[in-house]
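Chemist: next one to model:
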Amino acid sequence: MSPIQVTCGIIIKDGKILAAQRSEAMALPLKWEFPGGKLANGETEEECLRREILEELNISITIRHKLTPVNHDYGSFEIKLIPFMADYAGGALTLHEHCQAGWYNLDELHTLDWAPADIPILAQLIS
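Modeler: You can find the predicted model right below:
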């Protein structure tokens, strides 16, 4: 079975990075993540990320560049997490799926309880 393709954004606003906490109803409940979502058929990775961020958080972003993707096996499913650096471009942050979200300094991010697939991406950012 091939991994589920999932994009995520390291979204920056005023030097801070957006992190979102998954709700109790989502898979990996209450884990923190860089927001994004599953790639739809016929969609580019960039289109997917822009769509998911708008749907889930009501904000628009400007994508800068792609980082190194991460493959992670959760046991019952496997994902390929495709991260992008992006800038906040507008909109009022509104949570449609997550239970909370916030803008954090890079040195604060390690204090959150991250979803396992996001941990290598956090490591890429810190190094």
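Chemist: the strand ranked longest in the chain: what's the following helix or strand?
Modeler: Taking DSSP state E as the criterion, the chain has its longest strand at strand 78-90. Counting by DSSP states H and E, the next helix or strand C-terminal to strand 78-90 is strand 100-104.
Chemist: got the buried residues for that following strand?
Modeler: 101, 103, 104 (16 or more other C-beta atoms under 10 Å). Heads up, the C-betas are built off the backbone N, CA and C, glycines and all.
Chemist: any idea which helix is longest in this protein?
Modeler: As assigned by DSSP state H, the longest helix anywhere in the chain is helix 45-57.
Chemist: packing partners of the longest strand of the chain?
Modeler: Under the contact criterion of 3 or more C-beta pairs under 8 Å, 6 or more residues apart in numbering; DSSP states H and E, strand 78-90 touches strand 4-13, helix 45-57, strand 60-66, strand 70-73, helix 119-126.
Chemist: reformat these into TSV and put mean pLDDT next to each item.
Modeler: Shown next, in TSV, are the helices and strands packed on strand 78-90 (pLDDT from 0 to 100):
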stretch	mean pLDDT
strand 4-13	98
helix 45-57	98
strand 60-66	98
strand 70-73	97
helix 119-126	95
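Chemist: pick the most deeply packed of the ones you listed.
Modeler: Greatest average neighbour count among these goes to strand 4-13 (a mean of 22), per mean count of other C-beta atoms under 10 Å.
Chemist: that one pairs with which strands, and in what direction?
Modeler: strand 16-21 (antiparallel), strand 36-38 (antiparallel), strand 78-90 (parallel) (DSSP bridges).
Chemist: these: which one's closest to residue 5?
Modeler: Closest to residue 5 of the strands paired with strand 4-13, according to C-beta to C-beta: strand 78-90, at 5.4 Å.
Chemist: what residues sit buried inside that closest one?
Modeler: 79, 80, 81, 82, 83, 84, 86, 88.
Chemist: contacts only, for the first one.
Modeler: Taking C-beta atoms under 8 Å, 6 or more residues apart in numbering, we find residue 79 in contact with 3, 4, 5, 6, 71, 72, 117.
Chemist: quick one: which of the residues you listed is nearest residue 93?
Modeler: Checking the contacts of residue 79 against residue 93 with C-beta to C-beta, the nearest one is residue 6 at 20.8 Å.
Chemist: that concludes my questions; thank you for your assistance.
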